[in-house]
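Colleague: got a predicted model here, sequence first, then my questions.
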Amino acid sequence: MDYTSAVEFLRDLKNNTYHFNIRQRMKMLLVVIGEHPDSMSLIQNMGIIDPDRIKVLCQKGANGYVLAQALMDSIEISTPNSDELSLKAFGYMKPITPAELDNYIDEVIERLENQKQYLKNETEVERINQEIALDELEQFL
């Protein structure tokens with residue numbers, strides 16, 4: 001996953017640069033979540049599916065990508081003139097306002113940035129360890 005472009009896209013999505021309606025914005029958020037390696041915990045942290053239901057679905061072999069796809073299919077507009085969504089998935093109904101959607105986007109952005117930083121730090125540690133190993137090898141040669 002390209003964390004930099006995903007974060008940039010999500011920031012544009014939050015600012016609604018693309019002029020999407022709330023349903024389209026939610027679907028795009030779910031697409032990004034579905035591509036994340038830890039998408040299951042992202043969905044769980046958002047609270048859009050009952051945690052007990054998530055455990056049951058995991059036991060049946062569902063993963064974050066499958067859950068994100070199922071959620072995309074279950075998004076409904078509450079009323080024709082409403083800015084609020086209804087997410088009806090796996091026996092659980094959750095209304096989502098534009099402000100809540102922005103909060104979800106912020107949470108995912110923060111998670112992606114943390115993951116990117118973690119990978120950067122991990123790579124730096126690996127590089128240092130490789131240099132130390134090479135130095136030790138040079139001493140023996």
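Modeller: That came through fine. Residues are numbered from 1 along each chain as shown.
Colleague: please count neighbours and contacts with C-alpha atoms only from this point.
Modeller: Noted.
Colleague: T97: how many residues sit nearby?
Modeller: Neighbourhood size, T97 [other CA atoms under 10 Å]: 15.
Colleague: nearest spatial neighbour of D12, skipping sequence neighbours?
Modeller: Nearest residue to D12, sequence neighbours excluded (CA to CA, 6 or more residues apart in numbering): Y18, at 7.3 Å.
Colleague: name the SS class of the one you found, please.
Modeller: Under DSSP: H, G, I helix; E, B strand; the rest coil, the three-state class of Y18 is coil.
Colleague: the one 10 residues further on now?
Modeller: For M28, the secondary structure call by three-state DSSP comes out as helix.
Colleague: before we move on, the earlier item: touching, the residue nearest to D12 and R11? I think so.
Modeller: No. Applying CA atoms under 8 Å as the test, Y18 and R11 come out as separate, 10.9 Å apart.
Colleague: all strands for this structure, in order.
Modeller: For the chain, the strands defined by DSSP state E cover 75-77, 85-89, 92-96.
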